[in-house]
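Enquirer: Starting from these lines, generate the structure:
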Amino acid sequence: MLYRPLYIALFLGAASSAVAAEWDIGVSRGLETYAATANDGTVLLVCDPDHVYNSYVNHSYFLLRFEDGRTPQKVVFLATSGEQAAFSVRDGIATHRDADPAEWAQLIDMIETGGQIAVVTARDAFTLDQDARPGLRCR
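Expert: Residues are numbered from 1 along each chain as shown. Here you go, the predicted structure:
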């Protein structure tokens, strides 16, 4: 189990740097992209709903970038509603195929709902305040 009080405290501390915005939507190499940036970092979600490169493997992933350039090994996404999703990260990337399916589904649910989502690692945190993205095809 995560140390929920620590993450909640970090979430509350990071909330002051939240920047309300919409997701920056694009397409790269045939994959749908969604980028969200706060003062201290960026989350880039790349979705592969049509299995562009392989009909059996989903190539969806997210990429984290922190202002200080650190690349965490673990990250937790926390919504103000109390939902959380935790991932192991390698070089700032967590892939759909390597993630726990329940955690990935929870992250997508948070993004579809919108609102404040804290992105928390052992050393860094930032908060996104995003509009809802219902029907996100990234499962």
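
Enquirer: Confirm that residue 69 sits in a helix.
Expert: No: according to DSSP: H, G, I helix; E, B strand; the rest coil, residue 69 belongs to no helix; its state is coil.

Enquirer: and it, how many residues sit next to it?
Expert: 7 (other CB atoms under 10 Å). For glycine as for every other residue, the C-beta is placed from the backbone atoms N, C-alpha and C.

Enquirer: ok, what's across the strand from residue 125?
Expert: residue 120 (DSSP bridges).

Enquirer: my read: it touches residue 119, true?
Expert: Yes: using CB atoms under 8 Å, residue 125 is in contact with residue 119, at 6.7 Å.

Enquirer: now the one residue sitting closest to the centre of the chain: how far from residue 29?
Expert: By CA atoms, centre = their mean, the chain has its centre lying nearest to residue 43, at 5.6 Å. Separation of residue 43 from residue 29 (CB to CB, to the nearest Å) stands at 19 Å.

Enquirer: What of residue 62?
Expert: In terms of CB to CB, residue 62 sits 16 Å off from residue 29.
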